[in-house]
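S.K.: just coords:
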C-alpha cells in the first residue's frame, strides 16, 4: 500500500456536507442504474424467436448509438462535449476502448441468455463487481485508508456475492441442455470480466474531470464499430443484411432496449464518478434483481421448474443483493477521498489536464467563469434525427409473439419512471449534470 | 494550485497512453473476450 504524501488537494475546498451529498447522489444513481440496466436486457429474450444473437446485439447497439448522441445533446448540448474533449483529448482513446469492451461483453451476454436464461445469466456476469473492486484498489486508490469497517463491508459483501453467484451457477447446470449450460456460464462470466475491466476507462475519465455525458458520446463509436465488425466477420455482409431485413418487425424493440440501457448506463457513470467503481459497480449490479423480476414475472422463465430450482435462484439472488447492500453502506471516508484525489493528480499530471478543472468536476461543479452549456441547432437536429429513426422503426414494429405478462411489465415500467424522475432531479439540483 | 500543461504535445500524449499500464490491461482483456466469443458462439 502506498504511503500518504502531501497532496495539493488536501485541504480542498470541498465542504464535508457537499462531499456527503455527492456520496448520496452516487448511491442513488447506482440504484437507478440497476433498475434501468435490468430492464434493458428484457428485449434480448427475442433471441428465442430465432434471430441471430449477433444481429440482436448489433441492433441494440444502433439504438445505443442514437441514444448516446441524442440524450447528451438534449441534456447539455454538444458544445459541452467539445469543451470537455479540448481539455482532455486523450480520453477519446479510452472511451473507444471501453466501447469495444462493452460490445464484446454485450454479445457474450446474449449467448449466455440463449444458453442458460436471463435469470441465471444475470448474476453470473454481475461478478464484474469483484473485478471492479480489484481495479479500483489497484489503480485508483479506492479503499486505501478506508478503515477495517469499510474493508469488511466491501470485501464481505463481495464474498457474499460470490457465494450467491456460485449457487446460481450450480442451478444453471441443471437447466437446459448440458452442452449449452457450460458454454452459457463461460459466456456470462466472460462478459463479467469485460464489463469489470471496462470501468477502468470510466474511472480514468472521471478522475480527469470529463463529464459522463461527454464520455459516452465517444464510447459509442467503439461499441458500434466493434459490434459492426463482429457481425460482419461472423455472418458476412449478405447474410447480415438479409437477417436485418427479416428482423425489421422487432428492430424497434431491440433499439428500445439499447435506449433503455443508455439511460441506465448514464446513471451508472454518475455512480462511478461520485462513489468510485469499487462501490458504484456493485450498486448498479442491483440490476440482477430487476432482471430476475422481469425474467420471472414478465417472461415466466422459471415456470414449471422444480421447487428446489426456485429456492436456488431466489436464495442465490438474495445473497448477492445482501452483498450489494453491505457495499452500499461502506461509503468512502474523508481520508479515502484524499487518496482518490491523489489518483486524480497522477492522471492529470500524466495527461496534462488543468488541475483546477479536475478539482471542480470532481466536486460536481463548473469552474468560476466557465460559460453555461447551451444547445445549438446541431443539438436539436441530433434529437430530431434520433426520434425520426425510432418512429420509422416503431411503425414497422409488431409485438413479438412470445408469452408476456403485461400487468407486471406495466408495474415494473412505472417503477423505472419513478426512479428516473427522482434521480434525474437529484442530479440536476446537486450538480446541474456536471 | 497544481502545475499542469494543458497544451501537451501530441507525441507526448501518445507516449503517455502507450506507457500507461491501464492500456495493456484493457487490450489483454479485450483480446481474451474476442477469443471467448469464438468459443461460445
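M.R.: All right, it came through fine. Please read these numbers as outputs of a predicted model, since none were measured by experiment. Numbering: from 1, shown residues only, chains lettered A, B, ... in the order given.

S.K.: what packs against the host helix or strand of residue A:383?
M.R.: For residue A:383, the host element (DSSP states H and E) is helix A:377-396. Under the contact definition 3 or more C-beta pairs under 8 Å, 6 or more residues apart in numbering or on different chains; DSSP states H and E, helix A:377-396 sits against helix A:53-75, helix A:78-87, helix A:251-275. Using the backbone N, CA and C atoms, a C-beta is placed for each residue, glycine as well.

S.K.: just the buried residues of the helix or strand that it is followed by, please?
M.R.: Heading C-terminal from helix A:377-396, the first helix or strand you meet, by DSSP H and E, is helix A:406-431. Buried residues in helix A:406-431, counted by 16 or more other C-beta atoms under 10 Å in any protein chain shown: A:408-409, A:412, A:416, A:419-420, A:423-424, A:426-427, A:430-431.

S.K.: could you do stretch A:237-246 as well?
M.R.: In terms of neighbour count (16+ other C-beta under 10 Å), stretch A:237-246 has its buried residues at A:240, A:243-244.

S.K.: please apply the same query to stretch A:286-306.
M.R.: Buried residues in stretch A:286-306, defined by neighbour count with 16+ other C-beta under 10 Å: A:286-296, A:298-299, A:301-302.

S.K.: measure how far that stretch is from the centre of its chain, please.
M.R.: Its chain's C-alpha centre and that of stretch A:286-306 lie 20 Å apart, by C-alpha atoms, centre = their mean, to the nearest Å.

S.K.: do the same with stretch A:320-339
M.R.: 18 Å.

S.K.: for stretch A:347-367, same thing?
M.R.: Relative to its parent chain, stretch A:347-367 has a centroid offset of 24 Å by C-alpha atoms, centre = their mean.

S.K.: same thing with stretch A:104-116?
M.R.: Mean-position distance between stretch A:104-116 and its chain equals 16 Å (C-alpha atoms, centre = their mean).

S.K.: would it count as contacting chain B?
M.R.: Yes - with C-beta under 8 Å from any C-beta of the partner chain as the measure, stretch A:104-116 is seen reaching chain B through A:104-105, A:107-108, A:111-112, A:115.

S.K.: by contact count, what packs against the biggest helix by length in chain B?
M.R.: Identified as the longest helix of chain B according to DSSP state H is helix B:21-40. Where contact means 3+ C-beta pairs under 8 Å, 6+ apart, helix B:21-40 is packed against helix A:91-116, helix A:128-140, helix A:178-207.

S.K.: quick one: which of the buried residues of stretch A:286-306 is nearest residue A:379?
M.R.: Closest approach between these and residue A:379, by C-beta to C-beta: residue A:287, at 29.6 Å.

S.K.: that closest one against residue A:34, yeah?
M.R.: Yes - contact between residue A:287 and residue A:34 holds when scored by C-beta atoms under 8 Å: they sit 4.3 Å apart.

S.K.: who touches both of the two?
M.R.: With contacts taken as C-beta atoms under 8 Å, 6 or more residues apart in numbering or on different chains, residue A:287 and residue A:34 have residue A:264 as neighbours in common.
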